[in-house]
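A.B. asks: Let me see the structure of the following:
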Amino acid sequence: MAVGIDEAGYGPLIGPLVVARVAGSDAGGLRQLGVGDSKAIHRPGDLAPLETVALAVATAALGRMPQTYGALLAGMADEQPSGRNLPWQAGADTLSLPVAAKQPHKPHDLELSAKAVLIHPAQLNRDRSAGINRSAAELAVVVDLIAGAEGRSDVTVDRLGGRHFYRGPLQERFPDRLVLVEREDAQVSTYRVGAGPRVTFAVGADAFDPWVGAAACLAKYLRELDMLLLNRHFCGRVPGLAPTAGYPQDARRWLRAVDPELTKDERAELVRDGRP
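C.D. replies: Below you'll find the model as predicted:
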């Protein structure tokens, strides 16, 4: 059994940071769904290629195709804090899927499991106030997802930024097991967690590991749907507003237009403080 973990949305100022885990044993079947390097699959402005793959992965995990974004969230996602309380999330249960793909791939008999965690700006800002930076918040979620894959033989994670050393956080999460370092270098960090899983953090893992690639596609898709709801909400409030993907330069353009419409509480829920 193999497990892949990846994230989407680490750098933007607006929108959630999403971390996803996909696990299974049929790598060939996964590739038949079109899973590959998520950076090659996802083209900004065209959601269809990403949705075709990610929705097939979600369908295989849930045993049925989710009919709405709300159903997709309910089936596999945790939100910190509950994103369903955000005003722009009100449309999740009526956002029909697929949004852009004409016909998502059918997963046939592929068996896999999937889990995702959405960390919204308000939570990242609270973490920052408590002395927990974005990198540490993301790593905590990743380690929890590793722990939730108990009994799996191999876990591969797309390496988190420039961090090379992960033994400490793993040992803290698994205090009753000895975490051994097998390799730590500029490209790969590998650990054996007691008699349990081998955990590898590798640069660019979504390009060569299909399970990490599937997790990357799922994470990106969930973030894209969340941003779609957010843009629909605010474009309805601000005439002539062009949507944003949430990345710093364009997010600042977008915020200049939206700021007069925001309450203090809405701004705290919408915008990260901008520091890593």
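
A.B. asks: all strands of the stretch 1-150 of the chain, in order?
C.D. replies: Secondary structure of the stretch 1-150 of the chain (DSSP state E, counting those that start in this stretch): strands located at 2-8, 17-24, 77-80, 112-119.

A.B. asks: what is the orientation angle of the first one with strand 17-24?
C.D. replies: Translated: strand 2-8. Orientation of strand 2-8 against strand 17-24 (axes from the mean of the first three to the mean of the last three C-alpha atoms, to 10 degrees) gives an angle of 160 degrees.

A.B. asks: mind listing what strand 2-8 pairs with, with the direction of each?
C.D. replies: Here strand 2-8 has these sheet partners by DSSP bridges: strand 17-24 (antiparallel), strand 154-158 (parallel).

A.B. asks: quick one on the thing from earlier: Serialize the strands of the stretch 1-150 of the chain to CSV and add fields for mean pLDDT.
C.D. replies: Formatted as CSV, the entries for the strands of the stretch 1-150 of the chain read as follows, by pLDDT from 0 to 100:
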stretch, mean pLDDT
strand 2-8, 96
strand 17-24, 96
strand 77-80, 72
strand 112-119, 95
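
A.B. asks: low pLDDT regions in the chain?
C.D. replies: Scanning the chain with the threshold set as pLDDT under 70 gives 79-84, 152, 274-276.

A.B. asks: if we can go back for a sec, mean neighbour count, the strands paired with strand 2-8: which tops it?
C.D. replies: Taking mean count of other C-beta atoms under 10 Å as the contact definition, the stretch among the strands paired with strand 2-8 with the greatest mean neighbour count is strand 17-24, which reaches a mean of 28. All C-beta atoms are positioned from the backbone trio N, CA, C, and that covers glycine.

A.B. asks: Centre of the chain to that strand, how far?
C.D. replies: 6 Å (C-alpha atoms, centre = their mean, to the nearest Å).

A.B. asks: Only the C-alpha atoms, please, for it, written as PDB.
C.D. replies: Output in PDB follows, covering the C-alpha atoms of strand 17-24 (Å, rounded to 0.1, in the frame of the first residue of the first chain):
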ATOM      1  CA  LEU A  17      -4.100  26.200   2.200                       C
ATOM      2  CA  VAL A  18      -5.100  22.700   1.200                       C
ATOM      3  CA  VAL A  19      -3.200  19.500   2.200                       C
ATOM      4  CA  ALA A  20      -4.400  16.200   0.700                       C
ATOM      5  CA  ARG A  21      -3.600  12.500   1.100                       C
ATOM      6  CA  VAL A  22      -4.400   9.700  -1.400                       C
ATOM      7  CA  ALA A  23      -3.700   6.100  -0.600                       C
ATOM      8  CA  GLY A  24      -4.000   2.800  -2.500                       C
END
